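[1] Everything below, folded, please.
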Amino acid sequence: MKYKFAFAAALLAATVLSSAASAKTFVFCSEGSPEGFDPGLYTAGTTFDAAAHTVYNGLLEFEPGTTNPISALAESWTISEDGKEYLFKLRSGVKFQTTEFFTPTRTLTADDVVFSLDRQINKANPWNAYVAGASWEYAAGMGFPELIKSVEKVDDLTVKITLNRPEAPFLADLAMPFAFILSKEYADKLQADGKMEQLNQKPLGTGPFAFVAYQQDAVIRYASNKDYWEAVPKIDDLVFAITTDAAVRFQKLKAGECHLMPYPNAADVDAMKADPSLKVIEQEGLNVAYLAYNTTQAPFDKPEVRKALNMAINKKAIVESVFQGMATPAKNPIPPTMWSYNDKVEDDAYDIDAAKKALEAAGVKDLSMKIWAMPVSRPYMLNARRAAEIMQDDFAKIGVKVEIVSYEWAEYLDRSKAKDRDGAAMLGWTGDNGDPDNFLDTLLGCEAVGGNNRAQWCNEEFNTLVKKAKVTSDQAERTKLYEEAQVVFKREAPWATLDHSLAIVPMRKDVTGFVQSPLGDFTFENVDITE
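    Here you go, the predicted model:
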């Protein structure tokens, strides 16, 4: 089967909920554009929703609605007694999608798994640098190049991954989108044709939906994969209508121009709940929002300066203004719903006078700085501009002048990880695998500097604790180590922790089968539209 679609700028207007009776079209009013379509290259949830959960599968994936890794492309696996060798048995007969730009000649094999993982950790692999500036940010930030000794094909349906050390969260890591499996046959064809960059533009995988076309910053179209190895999706066509403004997303939802939307304005939630044509689901978000100081740049290289600034931030005002109270102020870098959360840590009290004195004691006068504000709504920060304005006013009270800057989302993510970035960047995180390692090491470990570690913070005491926890299988012992790491984090203050928010998902009343993910994913392989 080939998916054909005459793509035009009029698509968005033509795609409405009253689609032809012969086909079901589901429209998701997404909050932003993907950075690309190769999930290994990126870390943003916006990109994973568009580029991973639609087109691809992993060896393992998370059971819907949970953080439990379950079998996907790997039907089973075994682990050696020393925790260093993982043997994965692949499903037989899994088909790659046939599209108008490629027709596969074989099913999934171990070659695809080796290709998908090796390119991220092996600098000699010709695909390691096929995109300019490719850093394989997730694999690098989680230490995969040092962790993984080898990825080997045993036979067509068996893969062996050998580690240099035990790694407690390794199975959960492999269930994350950056580790999803691509087609080596398709990659080989692109390489032979001198079109390697198309791997990041025209994705092809084994997932529930096949990519059809993308109109930059406007709309992405997918078609149901009728050869899907699991249950074929109930909807025939999936459309991501890219709508960056939350108020506009709400208007489209009310008007029936989309079925489901992410990240509503907090002020609109009551109206959504009162609308008889809509329904709203919610749960505690596994998330944190933060302001990352560049700890390599003066005066933010001094913990006492960072803590002084933190004391000036009125987090309760941010929670009330941005979230209408549907969030809580954050004191730790992991959310309170996650195991090993250290509730004994005391937050920096909001105290303007104390902050001013602490800044003076640190020898800082006439400080001017930039606060970077995200241009898109995220579950952990619905309105970064408003939060930045609150902090701008707070810092003015202690004599600090703030300039608020922003960029287009993909550019923002790229620029904010630069080691010489100025000021403090507002970002956040929704856990990708339910393990504290996914926050503490991924965002704050030394290996993540220049990538996910936007604070550029490398603290040996903290790093030793989280690395020790990674190789410890006993969860009670891991908990103690992570609790200690949170104490170090609070003392050194590489971030201003801002909030943990509720995750709220509004949709049309006729939507069924959508399961809210604690990891913040938006997946549609099980959704349906009732007649």
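[2] the bottom helix or strand of this protein by mean pLDDT?
    Of all helical and strand segments in the chain, the minimum by mean pLDDT, DSSP states H and E falls on helix 11-14, at a mean of 44.
[3] Backbone dihedrals for residue 224, please?
    Residue 224 adopts backbone torsions of phi -60, psi 140, taken as degrees, to the nearest 10.
[4] residues contacting it?
    If you count contacts by C-beta atoms under 8 Å, 6 or more residues apart in numbering, residue 224 has them with 208, 209, 210, 232, 233, 235, 236, 237, 238. (C-beta placed from N, C-alpha, C; glycine too.)
[5] Would you mind finding the longest helix in the protein?
    Across the chain, the helix with the greatest residue count (assigned by DSSP state H) is helix 475-492.
[6] which other helices and strands contact it?
    For helix 475-492, the helices and strands in contact under the criterion 3 or more C-beta pairs under 8 Å, 6 or more residues apart in numbering; DSSP states H and E are helix 303-311, helix 437-444, helix 460-470.
[7] So for the last one, what gets flagged as buried?
    Right, the one you point to is helix 460-470. 462, 463, 465, 466, 467, 469, 470 (16 or more other C-beta atoms under 10 Å).
[8] Name the next helix or strand downstream of the longest strand anywhere in the chain, please.
    In the chain, with assignment by DSSP state E, the single longest strand is strand 495-508. Per DSSP states H and E, strand 495-508 leads on to strand 511-512 as the next helix or strand towards the C-terminus.
[9] sorry, back to before: using a markdown table, lay out the helices and strands packed on helix 475-492 together with mean pLDDT.
    Output for those, formatted as a markdown table (pLDDT from 0 to 100):
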| stretch | mean pLDDT |
| --- | --- |
| helix 303-311 | 98 |
| helix 437-444 | 95 |
| helix 460-470 | 96 |
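[10] quick one: residue 335 and residue 499 touch, right?
    No: in this structure residue 335 lies outside contact range of residue 499 using C-beta atoms under 8 Å: 9.9 Å.
[11] of those two, who's got more company?
    When neighbours are counted by other C-beta atoms under 10 Å, residue 335 and residue 499 differ, and residue 499 comes out ahead with 26 against 23.
[12] Can you report how many residues neighbour the closest residue to the more buried one other than its chain neighbours?
    The shortest distance from residue 499 to any non-neighbouring residue, by C-beta to C-beta, 6 or more residues apart in numbering, is to residue 327 (4.4 Å). Applying the criterion other C-beta under 10 Å, we find 25 residues in the vicinity of residue 327.
[13] Could you do residue 229 as well?
    Residue 229 has 19 neighbouring residues, counting by other C-beta under 10 Å.
[14] mind checking how far it is from residue 123?
    Separation of residue 229 from residue 123 (C-beta to C-beta, to the nearest Å): 33 Å.
[15] circling back: list residues touching both of residue 335 and residue 499?
    When contacts are counted by C-beta under 8 Å, 6+ apart, residue 335 and residue 499 are jointly contacted by residue 288.
[16] related to what we said a few turns ago, tell me how far the longest helix of the chain is from the chain's mean position?
    Taking C-alpha atoms, centre = their mean, to the nearest Å, one finds the center of helix 475-492 at 23 Å from the center of the full chain.
[17] and if you look at stretch 98-114?
    Relative to its parent chain, stretch 98-114 has a centroid offset of 26 Å by C-alpha atoms, centre = their mean.
[18] now swap in stretch 459-471 and tell me
    23 Å.
[19] try stretch 45-52
    In terms of C-alpha atoms, centre = their mean, the centre of stretch 45-52 is found 8 Å from the chain centre.
[20] Now do it: everything it contacts.
    With C-beta under 8 Å, 6+ apart as the contact definition, stretch 45-52 has outside contacts at 30-39, 42, 177-178, 180, 203, 220, 240, 376, 378-379, 409, 430, 520-523.
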